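> Curious how this folds, go ahead:
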Amino acid sequence: MSKFIHRTAEISEDAQIGDGTKIWHHAQIREGAKLGQNCIVGKNVYIDFDVSIGNNVKIQNNACLYHGLEVEDGVFIGPGVIFTNDKIPRAINPNGDLKQEQDWNSSKIKVRYGASIGAGAIILPNVTIGKFAMIGSGSVITKDVPAYGLTIGNPGKLVGKVNESGEKV
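Residues are numbered from 1 along each chain as shown. Coordinates of the predicted model:
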């Protein structure tokens, strides 16, 4: 198998891209990022350093995947989804100096096997999204979502369960 990387994509030499993966227009993948096999990375996607992505993951246009994110196999990430990594972001320290890398308090997010995240959702740090869970479009996820959980709204509220096909049960 081979991989496809569009000529406008920016891929770090230190990123690992699995066989069969397709990376489209203007995507940026930073150093230490790991993408599994048969992934699709849409137009204008940003994947930060050391992000880990499993096999058969679909990442739609304009999604932002920041440091501290771990995505398991078979996950769907809708257009415009944002995974944040700092609950208290600041550009400067209290003394007014510009924050440096060592000043950031980056946190983790885990997305488990087969989960789906709808368009425009925002996932805050220190959250785990369970196996085959479904996040509604535009939701803001502030706490863990259980396996097969259907979560919608701002803040996200668990409103039911879905099966492995994504149908409400």
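> CA only for contacts and neighbour counts going forward, please
Fine.
> Pick out the residue closest to the middle of this structure.
Per CA atoms, centre = their mean, the C-alpha nearest to the average position across the chain is that of Leu65, at 4.3 Å.
> Could you report the pLDDT at it?
Leu65 carries a pLDDT score of 98 in this model.
> so who does it touch?
Neighbouring residues of Leu65 by CA atoms under 8 Å, 6 or more residues apart in numbering: Val45, Tyr46, Ile47, Asp48, Val51, Ile82, Phe83, Thr84.
> Now do stretch 67-76: distance from first to last residue.
One end of stretch 67-76 sits 18 Å from the other (CA to CA, to the nearest Å).
> what does stretch 150-164 give?
The distance separating the two terminal residues of stretch 150-164, taken as CA to CA, comes to 12 Å.
> which parts of that stretch are buried?
Buried residues in stretch 150-164, counted by 16 or more other CA atoms under 10 Å: Leu150, Thr151, Ile152, Gly153, Gly156, Lys157, Leu158, Lys161, Val162.
> Now tell me what touches it from outside.
114, 132-143, 145, 148-149, 168-169.
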